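S.K.: Sharing a sequence plus its predicted fold:
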Amino acid sequence: MEQINTVELTDDKVFPDDTVLEKVLGDSFKAYKSLLSLFDKNSMQFEWRYYRDGKAWLCKVQKKTKTIVWMSAWKGYMKATIYIPEKHVGSLLDLPLSLETKNSVRAANNVGKSKPCMFEVRDETVFKDLESVMQYKAQIK
């Protein structure tokens, strides 16, 4: 997925509360709030933290102690990234995912020994694939 935009929320003194996020996300803020409900439905907790190495606020989503999703805010959308260990990518691609999602996964460069599955959350159209990949990540060892 090509990055034309730049990540928002780079000021470590400004916590990304709903007011801040609504300004950054615009029309996609509603989808972000629905996404939080999707995490809750899947027994996942989220936490916003400022990461000095990336110089931005990121949202870490976990199931118990396992990190499932990393989210970052971009102008007009939220980016949700799920890192799948390389050895599990074949099984991931066997899931009933959209062709667009599968092609995005195939085209993504590895990050270490993992393949990033990235979703631009502008509305709820990506939720089906996002939830499938989240559930897959939660159950792999």
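M.R.: Structure received.
S.K.: which intervals of this protein have sub-threshold pLDDT?
M.R.: 1-5 (pLDDT under 70).
S.K.: residue ranges of the strands in it, please?
M.R.: 45-51, 56-63, 66-74, 77-85, 114-121 (DSSP state E).
S.K.: In JSON lines, list the ones you listed along with distance to Leu36 and mean neighbour count.
M.R.: Heads up, the C-betas are built off the backbone N, CA and C, glycines and all. Listed next are these as JSON lines, based on distance: least, Cβ to Cβ, whole Å; neighbours: other Cβ atoms under 10 Å:
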{"stretch": "strand 45-51", "distance to Leu36": "7", "mean neighbour count": "13"}
{"stretch": "strand 56-63", "distance to Leu36": "9", "mean neighbour count": "19"}
{"stretch": "strand 66-74", "distance to Leu36": "10", "mean neighbour count": "20"}
{"stretch": "strand 77-85", "distance to Leu36": "10", "mean neighbour count": "20"}
{"stretch": "strand 114-121", "distance to Leu36": "11", "mean neighbour count": "20"}
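S.K.: Now tabulate the ones you listed in TSV and tack on distance to Glu100.
M.R.: As requested, these are exported to TSV (distance: least, Cβ to Cβ, whole Å):
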stretch	distance to Glu100
strand 45-51	25
strand 56-63	22
strand 66-74	18
strand 77-85	15
strand 114-121	10
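S.K.: Done for today, thanks.
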